[in-house]
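Chemist: Here is my input, please return the structure:
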Amino acid sequence: MSTNDSKLFSSIKYFTTGFRDPAIETEFKQNGATRLFYLTEKTTHVICDDFESNKSELEQAIEIYQTPIVTSDWIKACLKSDTLLPIDSYRSADNTNNHDNTKEGDKDNIKRLFHSCTFANANLLNDDHNKIYALATYYGGRWMANLDSRCI
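Modeler: Purely as a prediction, here's the structure:
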């Protein structure tokens, strides 16, 4: 994961309805993210791991500010790859605003390309591991720490 001296998330000003794992928020802030305690026009991201339970609270983010709502999985993937990744595959299914000519079904299929695949690190170099992890999880795949029977 990224080092604490990094300012990977220095451009991020976020509002959260709660993290599954508080350690992720700590690392997010250590890497430059700024927490906002109110949803404002300055909010760049909303972090929410349980959209359905917080839907009424998040309607303002969607309707007024059009702020992207992502899960903490996006933060973990960015930290592993040591770069800001596109948010599309980490957005809530209820918060996707598509403004181009690509058909909705085609976008979902592309974003979920690896949805039925499980990947694991099989002695990859760290740089290769981080890139493959980011690619696999971005396109909907699962990542395992070790090879086992679920990796096919």
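Chemist: Now do the same for Gly74: its pLDDT.
Modeler: Slight slip there: residue 74 is Trp, not Gly. On the pLDDT scale, Trp74 is placed at 93.
Chemist: Ile110 now?
Modeler: Ile110 is assigned 55 on the pLDDT scale.
Chemist: got the buried residues for the strand ranked longest in the chain?
Modeler: For the chain, the strand with the greatest residue count under DSSP state E is strand 13-18. Across strand 13-18, burial judged by 16 or more other CB atoms under 10 Å covers Lys13, Tyr14, Phe15, Thr16, Thr17. (C-beta placed from N, C-alpha, C; glycine too.)
Chemist: Columns pLDDT and distance to Arg35 on top of those residues, output as TSV?
Modeler: Converted to TSV, the buried residues of strand 13-18 look like this (pLDDT from 0 to 100; distance: CB to CB, whole Å):
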residue	pLDDT	distance to Arg35
Lys13	97	8
Tyr14	96	6
Phe15	94	8
Thr16	92	7
Thr17	86	12
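Chemist: before we move on, back to that, which strands or helices does the longest strand of the chain pack on?
Modeler: Counting contacts by 3 or more CB pairs under 8 Å, 6 or more residues apart in numbering; DSSP states H and E, strand 13-18 packs against strand 34-35, strand 45-48.
Chemist: what about Leu58, how many residues close to it?
Modeler: Residues lying near Leu58 (other CB atoms under 10 Å) number 22.
Chemist: how close does it sit to Glu52?
Modeler: According to CB to CB, to the nearest Å, Leu58 and Glu52 sit 10 Å apart.
Chemist: Just after the lowest-mean-pLDDT helix or strand in the chain, pick out the following helix or strand.
Modeler: One helix or strand of the chain scores below all others by mean pLDDT, DSSP states H and E: helix 104-111, with a mean of 53. Remark: after helix 104-111, the chain's next helix or strand is strand 118-120, criterion DSSP states H and E.
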